[in-house]
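**Q** need a structure here:
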Amino acid sequence: MIKGVISDMDGVILDSEKLYVRFWREAANFYGYPMTTEHALSIRSMARPFAIERLQGYFGEDFDYDLVRGKRVELMDAYVEKHGIEAKDGARVLLVYLKKNGYKVALATATAANRASQYLQRVGLLEFFDVVASARMVKNGKPKPDIYLYAAERLGLRPCECVALEDSVNGVRSAAAAGCKTVLVPDLDNPEKELKPLLYDTANGLSDVIRIINNFT
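**A** Got it, this is the predicted structure:
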């Protein structure tokens, strides 16, 4: 029996993953690191300690994660302030459906909770979330399961009573390790083949998640 949905934010609820990739690359390039799209995609949803290790593996031990991340935040904040941020297609349809049908809804994001709440407020979706959980609230971020365990606990549910929505390898590994029914909602790439043993299903966009949830009833 599914009683709740726990979703990643960037690339799932918000069309923001493309901005993270763009500005990670621009920030790294600004400091002379030849970051590619593939490099940036590999750290999607990844907690700071794991991202540092990954990026230093790419660019050497002198890669200054905090310096580059600070520049990325500066560039992205300026862009969002000027251009805004957009919800993914089907986000409102899905969230309205979940609320009307009594499901509890949580966010599980690597983004800081205050920033995530601000982004969701800007697109008029914050009201649909019962819980906003961020990596800073748990000991270990994604791909470890802590954030999904924490979000489920905050909802008053067991992880097996929750569908998890993710677009990245790191996010899927986190949700699956926590014991959630994990659904891939592809965004910038589709790692379905790599992740298939961990997935309950793959959705063709957020509106298709409704079909998947209905399979449990």
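
**Q** Could you chop the chain up by domain?
**A** If you go by automatic domain parsing, the domain ranges for the chain are 4-15+86-214, 17-83.

**Q** Tell me which of these sits most buried.
**A** Of the domains of the chain, the one with the most neighbours on average (mean count of other C-beta atoms under 10 Å) is domain 4-15+86-214, at a mean of 20. Just so you know, the C-beta spots here come from the backbone N, C-alpha and C atoms, and that holds for glycine as well.

**Q** Check the offset of that one from the chain's centre.
**A** Centre-to-centre, domain 4-15+86-214 and its host chain are 7 Å apart (C-alpha atoms, centre = their mean, to the nearest Å).

**Q** quick one: the helices in this structure?
**A** Under the criterion DSSP state H, the chain contains helices at 17-30, 37-42, 48-59, 65-83, 91-100, 113-122, 146-155, 169-178, 192-195, 207-214.

**Q** Serialize the domains of the chain to a markdown table and add fields for mean pLDDT.
**A** Converted to a markdown table, the domains of the chain look like this (pLDDT from 0 to 100):
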| stretch | mean pLDDT |
| --- | --- |
| domain 4-15+86-214 | 96 |
| domain 17-83 | 95 |
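
**Q** My guess is Ile6 contacts Ala175. True?
**A** Yes - using C-beta atoms under 8 Å, Ile6 is in contact with Ala175, at 7.3 Å.

**Q** Identify the contacts common to the two.
**A** 108, 148, 164 (C-beta atoms under 8 Å, 6 or more residues apart in numbering).

**Q** Who's the closest spatial neighbour of the second one, skipping the chain neighbours?
**A** Once its chain neighbours are removed from consideration, Tyr148 has its nearest residue in Ala178; the separation is 3.5 Å (C-beta to C-beta, 6 or more residues apart in numbering).

**Q** quick one: contacts for that neighbour?
**A** Counting by C-beta under 8 Å, 6+ apart, the residues that Ala178 touches are 145, 148-149, 152, 159, 164.

**Q** now, which of these sits nearest Asp89?
**A** Among these, Ala164 lies closest to Asp89 (C-beta to C-beta), at 19.7 Å.

**Q** so who does the closest one touch?
**A** Ala164 neighbours (C-beta under 8 Å, 6+ apart): 5-7, 108, 148, 175-176, 178, 180-183.
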